[in-house]
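[1] only geometry, no sequence info:
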């Protein structure tokens, strides 16, 4: 019989094994800690990291139910909305104290095939990852429309981008816009063409003018007068591409700077400008 749990013992560290389904939902299996009785209101608690002073704390409580000897399971269905940001994962038994969960074995291969189904009006993506301190967390995105960067190629002084637009329709006037992160209006643009179910664009890089700071974001504008959509790569199992994916740099025409496609901490596509390193060639590596 389940009873209300005692407070969690000091230094309880429990791993949560995670499995993703093809719709983007996640299932967590947690091994009940030794010495801790079963609880009728055990839960996996997700707490969104606050951004800025005075930000409200958001929590989502997922019930943990027994599914086997000492195994508790929680589900985060694809139909449940989760605000954008980083969510820390905790184990909570009854009215006792919460304890950070450790990452276990994750089966996330289904996320690479995740694609919004026709008729959807929003896109929610959640990717489990390990924090710098070794704890379990989720990176969540909540977007619509969305421009997914599926393939990037840097060659011959240009960026070739292939992707897919969800929640909006491309028109013959569709463009890819290069906009300073700290500034107004695009400084360059290139035509976007349909290609199968997706889009294709070639953006010359050498002639770009570097902004004062912070690089340039890439936006897809489906048509004249329509709202632009930030280009990002979130439909896979990599929560943070900022330091994991590296693309070649292209020398600018002034000879003093390089431009390199990269990603922000939110996996949004970014053009970063760097000083050219004398004597190291012009590859930017």
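    All right, it came through fine. The shown structure was predicted, so the numbers you read here are calculated from the model rather than taken from an experiment.
[2] any weak-confidence spans in the stretch 151-285 of the chain?
    Where the stretch 151-285 of the chain drops to pLDDT under 70, the residues are 212, 278-285.
[3] what are the ranges of the helices in it?
    Along the stretch 151-285 of the chain, counting by DSSP state H, counting those that start in this stretch, no stretch forms helices.
[4] And the strands in it, which stretches?
    Assigned by DSSP state E, counting those that start in this stretch, the stretch 151-285 of the chain shows strands spanning 158-166, 175-180, 188-195, 198-204, 216-221, 229-232, 250-251, 257-263, 269-275.
[5] so of those strands, which one's packed in deepest?
    For the strands of the stretch 151-285 of the chain, average neighbour numbers computed from mean count of other C-beta atoms under 10 Å are highest in strand 216-221, which has a mean of 23. Yep, even glycine has a C-beta here, placed from its N, CA and C like the rest.
[6] Need the residues that contact that one.
    With contacts defined as C-beta atoms under 8 Å, 6 or more residues apart in numbering, strand 216-221 is touched by 147, 161, 163, 165, 174-181, 186-187, 192, 199, 203, 208, 227-231, 268-271, 273.
[7] Neighbouring strands - and their directions - for it?
    Strand 216-221 sits in its sheet next to strand 175-180 (antiparallel), strand 229-232 (antiparallel), strand 269-275 (antiparallel), going by DSSP bridges.
[8] Other residues contacting the second one?
    With C-beta under 8 Å, 6+ apart as the contact definition, strand 229-232 has outside contacts at 141, 143, 145-149, 161, 163, 165, 167-168, 176, 217-222, 266-269.
[9] chain center to it, what's the gap?
    Mean C-alpha position of strand 229-232 versus that of the full chain (C-alpha atoms, centre = their mean, to the nearest Å) differs by 12 Å.
[10] Ok, stretch 192-203 next?
    With C-alpha atoms, centre = their mean, you get 23 Å for stretch 192-203.
[11] Please renumber the chain so that the first residue is 35 from this point on.
    Taking 35 as the first residue, the last one we looked at is stretch 226-237.
[12] Can you check the distance spanned by that stretch, start to finish?
    9 Å (C-alpha to C-alpha, to the nearest Å).
[13] what residues does that stretch touch?
    Outside stretch 226-237, the residues within contact range by C-beta under 8 Å, 6+ apart are 184, 192-199, 204, 208-210, 212, 222, 224-225, 252, 254.
[14] Check stretch 186-206 too.
    For stretch 186-206, the external contacting residues (C-beta under 8 Å, 6+ apart) are 150, 154-155, 157, 178-185, 210, 226, 228-229, 231-240, 252, 254, 256-258, 260, 263, 265, 281-284, 295, 303.
[15] Endpoint to endpoint, it covers what distance?
    22 Å.
[16] partners of residue 125 in the sheet?
    Beta-bridge partners of residue 125, as defined by DSSP bridges: residue 78, residue 133.
[17] In the helix or strand hosting residue 172, which residues are buried?
    Assigned by DSSP states H and E, residue 172 belongs to strand 170-177. Residues 170, 171, 172, 173, 174, 175, 177 are the ones in strand 170-177 that count as buried (16 or more other C-beta atoms under 10 Å).
[18] now, the most widely separated pair of these?
    Distance extremes for these: the farthest pair is 170 and 177 at 23.4 Å, using C-beta to C-beta.
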